[in-house]
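Undergrad: the following block contains a protein sequence and its predicted model.
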Amino acid sequence: MVKKEYLDLYYQMVVIRRLEERAAELYQQGKIGGFLHLYIGQEAVSTGIISVRRPEDRVITAYRDHGVAINCGVSAKEVMAELLGKATGCSKGKGGSMHLADVTKNFWGGHAIVGAHLPIAAGLALGDVYQNQKAVTICMFGDGATNIGFFHEALNLSKVWNLPVLWVCENNKYGMGTAVERASAVPEIALKADAYGMKRDQVDGMDVMKVRQVAARMIEEIRAGGGPQFLEVFTYRFRGHSMGDPERYRTPDEVRKWQQDDPIGIYHNYLLEHNIATEDELQKTIREAEEEVEEAVRFAEASPEPAPEDLFKHVYVSETC
Amino acid sequence: MARLTMREAISQALWEEMERDPKVFIMGEEVGVWGGTYAVTRGFYDHFGPERVRDTPISEAAIVGAAIGAALVGLRPVAEIMTINFAFVAMDHIVNQAAKLHYMFGGQMVLPLVIRTVGGGGRQLGATHSQTPDAVFAHFPGLKVVAPGTPADAKGLLKAAIRCDDPVLFIEHATLYQLRGEVPEGDYTVPIGRSKVQREGRDVTIVTYSKMLDISLKAAEELAREDIEVEVVDLRTLRPLDMEPVLESVKKTNRAVVVEEGWKSYGVGAEVAARIYEEAFDYLDAPVKRVAQVEVPLPYNRTLEQLALPQVKDVVQAVKEVL
Ligand SMILES: Cc1ncc(C[n+]2csc(CCOP(=O)(O)OP(=O)(O)O)c2C)c(N)n1
Ligand SMILES: [Mg+2]
């Protein structure tokens, strides 16, 4: 990795953090509606994993998708515009926070029905195998999603068909307010991969370098034809499940303890300790990231609403085929 | 009479039924520690304990399936599916199991089961989270489908559903929880399968239910100012469908508008209109009009979403068109 690459990962994580902090403000002002699931605290997970994907590798995730979108190269402008429901958003204002996507970046979406995108991920990979592509599909989902039937059907299918999928479970300890041990008979989620004879690993999701390293190895093994693998990433969401979560299921102390392991702070120290960047350079990177986010907010606010006739656009490709 | 919100009325019904009958218990996602994602079961977990207020994994098929099993052996589960959009994940258990078992095994199996769920759009939740697929579920014989539009009916119908020996899908509306209305004191039930005239009028019959009752009553107010007197019939139960009050009303007004939030094609309005044509054709002075959701998946953008959903002005216009 060259210095620019290190700084770029830092930049992405700060963009995600700042973009979501601004989104939370815009939500309070009523400029964003619906659900808004913040990724704050989990930035190192998608940043690390997606940093090692090749352009042909596909990415698909759940509704907590702002960070994944940024890491896939969707611009902060298009993300913010989508949050504001504008015509310039990546889903043209029709999807909102939970449904970001940009297929030109091989980012196949944010999906809001828990677990529903896992079988779809298997299908993306099937398409690549069928067409002799050497691509890997990276499918991310929460701990809670491992308890729905979709998960088990998709893992099983991917293994019997030897599909190139990296299954990434972001274990942030809770599905909404339900702690993993209250919902999963096997609280060590990685073990679920054993049921499908799948290679697995676990990694500290607060450390972007560790995530990156493990993901790189797994993705290349999968690309070489080794079949699907399963990665459990230990992480934590610093904010509520969505906006307006009463957070009765955890204590402020627990949240504070995890906040000490801030993924951006950990990486910041890493860069300094390894003499990769100076404090000044990191501060400059932060300012640049903040400027990109402010520019995105200006762009989104100034963007037009979708036209009324857009309501009827995209129901079908064609009414008459 | 007390003035309660829909949320309070539903919550009271559940609470009172759980106090009355130890066989009644709740299971679903976030019903316990969280207090219900729509805060309907707030305080239940502390009062009734984790055995009777059971937080489940995100496993809709298992929630409904296990509720069916528990009902078969004598319990009275109230299974909660967080929103009706997630009921599709449990579709087989709702329409292929719950709706079939009593009939298919010649009446041996009895499943006193309630599936509480929340439907409707208007909260900018996007296409997968904003649906009103009530007609889909009402299609299946063997299932009862209830969707109240007032706090009093919500309380009485939920109590009736819990005491009913058949599987009942009880659909609440996501934007009605704050709606206030008079609710009778003490224990009472409202019979399932009985429509009700919620406002009397001589000129046009509006047939509606759930959130669209509120919209229709507002339209009726507006029309009254122009001296158009609308009669509003609230279906309250979609299956079994009680057409008596509808037909009686149509025979009086000779004109009908059906207002539903779901899509028009193959919907509740289609069913009601067909039955009016079959049973009261000679009384009609104008074709039946339907007001429904525009036929697109609901978009996130607020303006587009509101364009797609039936509004008071759409109902007013439809009434004028049949006059
Ligand atoms: C099938 C289905 N059931 C329920 C929900 C409501 N819901 C949305 S997110 C969520 C929790 C998911 O938790 P997890 O998979 O751990 O992801 P996290 O939110 O922690 O990122 C639930 C229950 C849903 N969207 N889809
Ligand atoms: Mg989780």
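TA: All right, it came through fine. Ligands and ions are numbered 1, 2, ... in the order given.
Undergrad: show me what from chain A comes close to chain B.
TA: Within chain A, the positions near chain B by Cβ under 8 Å from any Cβ of the partner chain are A:33-35, A:85-86, A:91, A:93-96, A:98-99, A:112-115, A:144-145, A:147-150, A:175-178, A:182-184, A:246, A:248-249, A:305-306, A:308, A:310-312, A:315. Backbone N, C-alpha and C define where each C-beta goes, glycine included.
Undergrad: please redo it, this time with the cut-off set to 7 Å
TA: A:33-35, A:85, A:93-96, A:98-99, A:112-114, A:144-145, A:147-149, A:175-178, A:182-184, A:248-249, A:305-306, A:308, A:310-312, A:315 (Cβ under 7 Å from any Cβ of the partner chain).
Undergrad: out of those, which sit inside strands?
TA: Using DSSP state E, the subset of the residues of chain A next to chain B located in strands is A:175, A:178.
Undergrad: which of the residues of chain A next to chain B are close to ligand 1?
TA: Among the residues of chain A next to chain B, the residues within reach of ligand 1 (Cβ under 6 Å from any ligand atom) are A:112-114, A:144-145, A:175-176.
Undergrad: which ones among those residues lie within helices?
TA: Counting by DSSP state H, no part of those is found in helices.
Undergrad: can I get these in a markdown table with neighbour count and pLDDT?
TA: Shown next, in a markdown table, are those (neighbours: other Cβ atoms under 10 Å in any protein chain shown; pLDDT from 0 to 100):
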| residue | neighbour count | pLDDT |
| --- | --- | --- |
| A:Ala112 | 24 | 98 |
| A:Ile113 | 19 | 98 |
| A:Val114 | 27 | 98 |
| A:Gly144 | 26 | 98 |
| A:Ala145 | 23 | 98 |
| A:Gly175 | 24 | 98 |
| A:Met176 | 21 | 98 |
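Undergrad: format those residues as a markdown table; extra columns: distance to A:Asp8.
TA: Below are these laid out as a markdown table (distance: Cβ to Cβ, whole Å):
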| residue | distance to A:Asp8 |
| --- | --- |
| A:Ala112 | 30 |
| A:Ile113 | 33 |
| A:Val114 | 32 |
| A:Gly144 | 31 |
| A:Ala145 | 29 |
| A:Gly175 | 32 |
| A:Met176 | 33 |
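Undergrad: the longest strand anywhere in chain B vs chain A: in contact?
TA: For chain B, the strand that runs over the most residues, judged by DSSP E, is strand B:256-263. No. Using Cβ under 7 Å from any Cβ, strand B:256-263 never reaches chain A; the gap is at least 11.4 Å.
Undergrad: for that strand, report the contacting residues that lie outside it.
TA: B:120-121, B:132-135, B:204-208, B:210-212, B:215-216, B:250, B:267-269, B:272-273, B:276, B:288-293, B:295, B:309-310, B:315, B:318-319, B:322 (Cβ atoms under 7 Å, 6 or more residues apart in numbering or on different chains).
Undergrad: buried ones among those?
TA: With burial judged by 16 or more other Cβ atoms under 10 Å in any protein chain shown, the buried subset of those is B:120-121, B:132-135, B:204-208, B:210-212, B:215-216, B:250, B:267-269, B:272-273, B:276, B:288-293, B:309-310, B:315, B:318-319, B:322.
Undergrad: and the residue of the stretch 51-200 of chain A found nearest ligand 1, what's its pLDDT?
TA: Residue of the stretch 51-200 of chain A nearest ligand 1, by Cβ to the nearest ligand atom: A:Gly142 (2.2 Å). A:Gly142 is assigned 98 on the pLDDT scale.
Undergrad: bridging residues for it?
TA: Bridge pairing for A:Gly142 (DSSP bridges) gives the partners A:Glu170.
Undergrad: I'd like the distance between it and B:Val315.
TA: Here A:Gly142 is placed at a distance of 41 Å from B:Val315 (Cβ to Cβ, to the nearest Å).
Undergrad: next: A:Thr47.
TA: With Cβ to Cβ as the criterion, A:Thr47 and B:Val315 are 50 Å apart.
Undergrad: what do you get for A:Tyr196?
TA: Taking Cβ to Cβ as the measure, A:Tyr196 falls 53 Å from B:Val315.
Undergrad: ok, now B:Glu226?
TA: 13 Å.
Undergrad: how many other residues sit next to B:Pro245?
TA: 18 (other Cβ atoms under 10 Å in any protein chain shown).
Undergrad: could you find the closest non-adjacent residue to it?
TA: Among residues not flanking B:Pro245 along the chain, B:Ser195 sits closest, at 4.6 Å (Cβ to Cβ, 6 or more residues apart in numbering or on different chains).
Undergrad: is the one you found in contact with B:Val232, as I believe?
TA: No. With contact defined as Cβ atoms under 7 Å, B:Ser195 does not reach B:Val232; the gap is 10.7 Å.
Undergrad: looking at the two, which has the bigger crowd around it?
TA: A count of neighbours by other Cβ under 10 Å puts B:Val232 above the other of B:Ser195 and B:Val232, at 26 against 22.
Undergrad: which non-adjacent residue is nearest the more buried one?
TA: The shortest distance from B:Val232 to any non-neighbouring residue, by Cβ to Cβ, 6+ apart, is to B:Arg199 (4.2 Å).
Undergrad: show the average pLDDT along stretch A:295-310.
TA: Stretch A:295-310 comes out at a mean pLDDT of 98.
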